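**Student:** what follows is a predicted structure for the sequence shown.
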Amino acid sequence: MGDFFKDLVYSKDDVITFPSGIPGFEKTKDFVIVSIPEYTPFEWLVCTDGTRLRFAIINPLLFMPDYSPAMVKEQLGDLEVDKPEDILLYSIVTIRENPLESTANLVGPLIINRVKKIGKQIIIDDDRYGTQEPLIRKK
């Protein structure tokens, strides 16, 4: 999969800055979102600093349409959001070899202001969700 990201072409307008980094990777601030058609619905949050850091991400509403994490306004303050439709919502995914075992972190959603290109991973205090929610629910 590394081949997709080796010669990544993007403009500075594509760069999303995470002022606080991502928990565990606080020094890493600048990312781009990369869509690869054959991996839809997954996308990739790829660090632009030359490291190989990247995260598989997904819009959690695709597999959990009623996902509505409880956020407090203070958590969103530094995102400078003017309108709700400026927000992109993602969850970081752990992709397993067996797709049925792949999970998403619904406790730490990524919130991105797509207009101002500012992102943040927030940690929600909401016991309805876990850090390893299955993407595919067994019937």
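**Tutor:** Structure received. Numbers count the residues shown, from 1 in each chain.
**Student:** quick one, helices of the chain?
**Tutor:** In the chain, the helices defined using DSSP state H lie at 3-6, 73-76.
**Student:** in CSV, list those helices along with mean neighbour count, mean pLDDT and distance to residue 15.
**Tutor:** In this view, the C-beta of every residue, glycine as well, is placed from N, C-alpha and C. Converted to CSV, the helices of the chain look like this (neighbours: other Cβ atoms under 10 Å; pLDDT from 0 to 100; distance: least, Cβ to Cβ, whole Å):
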stretch, mean neighbour count, mean pLDDT, distance to residue 15
helix 3-6, 10, 66, 15
helix 73-76, 11, 82, 20
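**Student:** I'd like to know which of those helices lies nearest to residue 44.
**Tutor:** helix 3-6 (7.4 Å; Cβ to Cβ).
**Student:** quick one on the thing from earlier: closest to residue 113 out of the helices of the chain?
**Tutor:** helix 73-76 (8.8 Å).
**Student:** got the CA positions of that closest one in CSV?
**Tutor:** The C-alpha trace of helix 73-76 is given here as CSV (Å, rounded to 0.1, in the frame of the first residue of the first chain):
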residue,chain,number,x,y,z
LYS,A,73,-18.5,23.6,22.6
GLU,A,74,-15.1,24.2,24.2
GLN,A,75,-13.7,21.1,22.4
LEU,A,76,-14.6,22.7,19.1
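**Student:** give me the contact list for that helix.
**Tutor:** 111, 120, 122 (Cβ atoms under 8 Å, 6 or more residues apart in numbering).
**Student:** any idea which of these is least confident?
**Tutor:** Within the set of the contacts of helix 73-76, pLDDT is lowest for residue 122 (93).
**Student:** from residue 91, how far off is that residue?
**Tutor:** Applying Cβ to Cβ, to the nearest Å, the value for residue 122 to residue 91 is 12 Å.
**Student:** can you list residues touching both of these two?
**Tutor:** 108, 109.
**Student:** ok, the two, which is more surrounded?
**Tutor:** For residue 122 and residue 91, the more surrounded residue by other Cβ atoms under 10 Å is residue 91, and the numbers stand at 29 against 18.
**Student:** bridging residues for the more buried one?
**Tutor:** Bridge pairing for residue 91 (DSSP bridges) gives the partners residue 58.
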